[in-house]
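Enquirer: output the structure for:
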Amino acid sequence: MVLTRSPKNPVARKSGCSLGTSGVMSRKHAFGARNTAPAFFAVASAALFGLSTPLAKLLLGETPPVALAGLLYLGAFAGLSAYSLAVPGGESARLKSRDIPWLAGAVLFGGVLAPVSLMLGLAQVSGFAASLLLNLEGVATALIAAAVFREFTGRRFWAALLCMTAAGMLLSLDSGGSGFSLAGPAYVVLATLFWGLDNNLTRQITSMAPADIARVKCLFAGAINLGIGLFLGAKLAAGAPLLFALLAGAFSYGLSMVLFIKSLRAWGAARTGAFFSVAPFVGAASSVLLLNESIGWNLLPAFVLMAAGAWLVMGEKHAHGHYHAGLYHVHEHHHGAEHRHGHD
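Expert: Okay, here's the model as predicted:
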């Protein structure tokens, strides 16, 4: 690890560029930056997570919701552990005491409450509808980031919120015309709120590598949910269903989580949440293919509204003057032949 300190320099932003005290123009902090790695991480994470919805819907016939949530996260933990052994990274910093409350909150909201809520919702709505409703996670992430952590949100974001709220109301309609069916959609929306909290809390953890954060979250979340499920009388089906649940968790939750955290640290919660809005559309398309679901009259206009909302959030830009506070940070790196500096 290298311990560095960035000075408290004023940075003025205008037209997507930033000007430091050295007088050199920099685009590193702009939303439209040329560095495409955070965008790739966010979109890849979204695609993997999007697949988890129809896969979980398939598994619910064999495994109760709470126990299934536990198996998915234990699979994620196993997959992340295998990944760390196969692709070793640089040395990671130890968990600091100041980060423990953030990590505990992330485990509670993102690892325990959110997946259980999603599984309960999936048991009552189609995979297509649930996938589209998961678009609200990006909105929830940005809302919490703006309200609690003072991240910027502009007019496009509020227009997106309006579109997605209207889409959510359409998805709550029974396509047979018998009125609203609120229980299933409500559980899915609650899951997005919990994951929005999780995203913002995870961003505050500064002392651990992304894979380490993900492993801790998955281990505790998996053990807690599976324990609760067994306590409630769940019977686990051995063989293919159990293996399938673990593999689904390894890729759709575990690898997705690492990629999301990498993007989160580079771009912040609001921007990463915007690009993560790709996930529900992957899930919706996959639900039609994997679950052979029919598309009711209300699903197509909801799809259009969700797509419009995602486009509005992804295209949001802002310009304002602000100060970067001085901070200490650590980053992981490899010790090669060219690595000659020492560490305090």
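
Enquirer: can I assume residue 293 sits in a strand?
Expert: No. Going by DSSP: H, G, I helix; E, B strand; the rest coil, the assignment for residue 293 is coil, not a strand.

Enquirer: quick check, it in contact with residue 285.
Expert: No. Counting by C-beta atoms under 8 Å, residue 293 sits too far from residue 285 to count as a contact (10.8 Å). Every residue, glycine included, has its C-beta placed from N, CA and C.

Enquirer: could you chop the protein up by domain?
Expert: In terms of domains, the chain is parsed into 1-32+319-344, 37-316 (source: automatic domain parsing).

Enquirer: average pLDDT across the first one?
Expert: Spelled out, that is domain 1-32+319-344. Taken as a whole, domain 1-32+319-344 has a mean pLDDT of 40.

Enquirer: burial count for residue 140?
Expert: Number of residues near residue 140 (other C-beta atoms under 10 Å) recorded here: 24.

Enquirer: over to residue 82?
Expert: Residue 82: 12 neighbours (other C-beta under 10 Å).

Enquirer: got a list of what the closest residue to residue 162 other than its chain neighbours touches?
Expert: Among residues not flanking residue 162 along the chain, residue 309 sits closest, at 7.9 Å (C-beta to C-beta, 6 or more residues apart in numbering). Contact analysis of residue 309 by C-beta atoms under 8 Å, 6 or more residues apart in numbering lists 135, 139, 159, 160, 161, 162, 163, 164, 167, 277.

Enquirer: for residue 309, helix, strand, or coil?
Expert: Of the three states, residue 309 takes helix under three-state DSSP.

Enquirer: residue 128 is in what secondary structure piece?
Expert: Here residue 128 sits within helix 127-133, counting by DSSP states H and E.

Enquirer: mind listing what's buried along the very next helix or strand once past that helix?
Expert: Moving toward the C-terminus from helix 127-133, the next helix or strand (DSSP H and E) is helix 136-147. Neighbour counts using 16 or more other C-beta atoms under 10 Å place 136, 137, 138, 139, 140, 141, 142, 143, 144, 145, 146 of helix 136-147 among the buried residues.

Enquirer: how about the nearest residue to residue 207 once chain neighbours are set aside, phi and psi?
Expert: Spatial nearest neighbour of residue 207, excluding adjacent residues (C-beta to C-beta, 6+ apart): residue 96 at 4.2 Å. Dihedral pair for residue 96: phi -90, psi 150, per degrees, to the nearest 10.

Enquirer: you'd agree residue 242 is up against residue 70?
Expert: No. Contact between residue 242 and residue 70 fails when scored by C-beta under 8 Å: they sit 11.6 Å apart.

Enquirer: what about those two, which has more around it?
Expert: Using other C-beta under 10 Å, the more surrounded residue of residue 242 and residue 70 is residue 70, with 31 against 16.

Enquirer: ok, and the closest non-adjacent residue to that one?
Expert: Closest residue to residue 70 apart from its sequence neighbours, by C-beta to C-beta, 6+ apart: residue 226 at 2.9 Å.

Enquirer: you'd agree that neighbour is up against residue 71?
Expert: Yes. If you go by C-beta under 8 Å, residue 226 and residue 71 touch, sitting 6.4 Å apart.
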